[in-house]
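Asker: okay, predicted coordinates and the sequence, questions at the end:
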Amino acid sequence: MSRTNKTLDTQKNPCQHWLQWDSSNGCWKSYDKETKTNVNYPPDTRFVCLDALSTVTGYSDAFQKGYYGNEVRNVGKDIIRAMCDGKEIAKGIWRDIKIQVRDIKFATSVYVMAKLGNDYQLANLRLSGAAVTGWIEFTKQCGGISALFGDVVVTVTEVTQEKKGSVNYTVPHFSIVSRTLTPEAAAKADELDSQLQQFLEQYLKGGASPSASPEDNMIQEFKASCSAAGISQDGIQKILQEVGSDGQTLTEDQMSQGFALMDAIPF
């Protein structure tokens, strides 16, 4: 910071609520640190997308603790520090992390403006497993995540019951419910996004790569990751088809979707 720039050397994330999809109950939930209880929100809670990054999540049977890590923009180039129980257990791009820690999961971190209660608030949706699968399908239909960065209102319009082995779970299905915002909502979205971007600019400084990989190299990295994870060639082709790749090139957005599908779909 300086005389004219009052930004703190280490900014605190301005996000007010951290939500996850409760796969058992089919709704959003967040943890209230003050009451030390989970707070549930309706599945059809509406939100406006502000930004989206990638990170890791999951649960370690060995440590009996959850996995977590820093958030990155480019899973094929940016370094992730995977943590568990306060210790760094792996470091590298997602391809390397997945090989080193077999039970770790990919997660999408979506920053949104949501009306929780009576006020518009900055919230984060941490999507993994079945939830990230539903999100990937939705963003693919929309033409990519960038298509949602505008006066677009999104919500979960359907929740389906699924079963894998003996485990029952729910899958959220996202839809656009409006393409207009009131002047009040638009102004608030701009305000919250400005706060978020100021934080992310500092948070990602030094961690982001100077340039993205060429698309033809990205697909080679992705195929190598799949092979290392034990996915067959047929499985790799199925993933590429799911994310809309022509099999020869892979965009950054498609690569992120592909890594998520590696965790969410049994191949």
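Answerer: That came in fine, so what should we check first? All values derive from a computational prediction rather than experimental measurement.
Asker: would you mind listing the residues in contact with the residue lying closest to D103 once chain neighbours are set aside?
Answerer: Among residues not flanking D103 along the chain, G58 sits closest, at 5.9 Å (Cβ to Cβ, 6 or more residues apart in numbering). The C-beta positions use only the backbone N, C-alpha and C, and glycine is treated the same way. G58 makes contact with 66-67, 103-105, 128 under the criterion Cβ atoms under 8 Å, 6 or more residues apart in numbering.
Asker: out of the residues you listed, which are buried?
Answerer: 67, 104-105, 128 (16 or more other Cβ atoms under 10 Å).
Asker: pLDDT (mean, whole number) over whatever helix or strand the residue nearest to D103 lives in?
Answerer: Secondary structure assignment for G58, by DSSP states H and E: strand 47-60. Across strand 47-60, pLDDT averages out at 95.
Asker: equivalent analysis for stretch 193-209, please.
Answerer: The average pLDDT for stretch 193-209 rounds to 81.
Asker: quick one: low-confidence parts of the stretch 51-200 of the chain?
Answerer: For the stretch 51-200 of the chain, no stretch has pLDDT under 70.
Asker: now do the SS call for the residue positioned nearest the centre of the chain.
Answerer: Most central in the chain under Cα atoms, centre = their mean is T108, positioned 1.0 Å from the mean C-alpha point. Following DSSP: H, G, I helix; E, B strand; the rest coil, T108 is assigned to strand.
Asker: what do you get for G258?
Answerer: Under three-state DSSP, the three-state class of G258 is helix.
Asker: neighbours around it, how many?
Answerer: Residues within reach of G258, counting by other Cβ atoms under 10 Å, total 26.
Asker: could you pull up the contacting residues of it?
Answerer: Applying Cβ under 8 Å, 6+ apart, the residues near G258 are 222, 239-240, 242-243, 245, 250.
Asker: and with 6 Å instead?
Answerer: For G258, the contacting residues are 222, 239, 243, by Cβ atoms under 6 Å, 6 or more residues apart in numbering.
Asker: now whatever helix or strand the second one lives in: average pLDDT?
Answerer: Which is I239. Here I239, judged by DSSP H and E, is contained in helix 233-242. For helix 233-242, mean pLDDT rounds to 82.
Asker: return the distance of it from the chain's centre.
Answerer: Here helix 233-242 is found 21 Å from its chain centre; the criterion is Cα atoms, centre = their mean, to the nearest Å.
Asker: which other helices and strands contact it?
Answerer: Using 3 or more Cβ pairs under 6 Å, 6 or more residues apart in numbering; DSSP states H and E, the elements in contact with helix 233-242 are helix 252-264.
Asker: how far off centre is the helix it packs on?
Answerer: With Cα atoms, centre = their mean, you get 10 Å for helix 252-264.
Asker: from the buried ones among the contacts of G58, which is closest to K29?
Answerer: Distance to K29 across those (Cβ to Cβ) is lowest for S128, with 13.4 Å.
Asker: hey, what's the closest residue to that closest one other than its chain neighbours bridged with?
Answerer: For S128, ignoring the flanking residues on the chain, the nearest one in space by Cβ to Cβ, 6+ apart is A107 at 4.1 Å. Under DSSP bridges, the beta-bridge partners of A107 are T55, S128.
Asker: could you say which helix or strand holds Q20?
Answerer: Using DSSP H and E, Q20 sits in strand 17-22.
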